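Colleague: give the three-dimensional model of this entry:
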Amino acid sequence: MNKIIKNTIILTVITLVAGIGLGFVYEITKEPIAQAQETAKKEAWQAVFPETELNSFEAVDVDEKAAAQVIGDLGIKGSVDEVCKAGEDGYVITTTDKEGYGGDIQITVGITADGTVNGVSILSISETAGLGMRATEPAFYEQYQGKQAEKFVVSKDGGDGELIDALSGATITSRAVTGAVNAALAYFQSVFM
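Modeller: Below is the predicted model:
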């Protein structure tokens, strides 16, 4: 009985010390992580609207009702995360598609005032190396750029819309990125046109 109490006390002390240590590390790293995320977000804005001055970007509230309607109409599992006005050039819309092969794919899409996709920047992706991660290469995401379309479709799937060539061996990733771009485009068309 004495040994059980001794082991319980030892485990309690170890757990308490580990918990305090984790809390301390969290407090130390919280601010740098938030700053890194903010920097990545601003770099993505600049990537999709390179001609717009960084101080010209202005956050706009997401219309949650319109966002839910758009996501539902598209039939994707995703969200419209953030919207930003890019001066007089257009809007930057950050969306997430939750149906990537490796999990969520979060992208930023720049859309000009006339509905043309100005650029796409991938904020978060964790797909298979050598396959799905090729979505981060310009050869893939630049397919959306400069196109004024109602929606995009992966060429393997067919259907109405501007065709996007799927990544070989990564059709699921291609669909998820296309779904996220379509969510941004549909939100823009629903709210700003």
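
Colleague: run a quick neighbour tally on residue 66.
Modeller: 15 (other CB atoms under 10 Å). (Each C-beta comes from the backbone N, C-alpha and C, glycine too.)

Colleague: ignore the last one, residue 127
Modeller: If you count neighbours by other CB under 10 Å, residue 127 ends up with 23.

Colleague: residue contacts, it?
Modeller: Counting by CB atoms under 8 Å, 6 or more residues apart in numbering, residue 127 touches 100-102, 105, 133, 135, 170, 173.

Colleague: relative to residue 14, which of these is nearest.
Modeller: The closest of the contacts of residue 127 to residue 14 turns out to be residue 102 (CB to CB; 34.2 Å).

Colleague: in this protein, which spans are strands?
Modeller: 57-60, 78-86, 90-100, 103-112, 117-124, 152-154, 162-164 (DSSP state E).

Colleague: okay, the ones you listed in a markdown table with mean pLDDT next?
Modeller: Shown next, in a markdown table, are the strands of the chain (pLDDT from 0 to 100):
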| stretch | mean pLDDT |
| --- | --- |
| strand 57-60 | 89 |
| strand 78-86 | 92 |
| strand 90-100 | 93 |
| strand 103-112 | 93 |
| strand 117-124 | 92 |
| strand 152-154 | 92 |
| strand 162-164 | 88 |
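
Colleague: tell me which of those strands sits nearest to residue 19.
Modeller: Closest approach to residue 19 among the strands of the chain (CB to CB): strand 103-112, 27.6 Å.

Colleague: so where is the chain shaky, pLDDT-wise?
Modeller: For the chain, the stretches with pLDDT under 70 are 1.

Colleague: ranges for the helices of it?
Modeller: If DSSP state H is used as the criterion, the helices of the chain fall at 2-48, 64-74, 138-141, 171-191.

Colleague: quick revisit: can I get the strands of the chain in JSON lines with distance to residue 43?
Modeller: Converted to JSON lines, these look like this (distance: least, CB to CB, whole Å):
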{"stretch": "strand 57-60", "distance to residue 43": "12"}
{"stretch": "strand 78-86", "distance to residue 43": "13"}
{"stretch": "strand 90-100", "distance to residue 43": "12"}
{"stretch": "strand 103-112", "distance to residue 43": "9"}
{"stretch": "strand 117-124", "distance to residue 43": "8"}
{"stretch": "strand 152-154", "distance to residue 43": "24"}
{"stretch": "strand 162-164", "distance to residue 43": "24"}
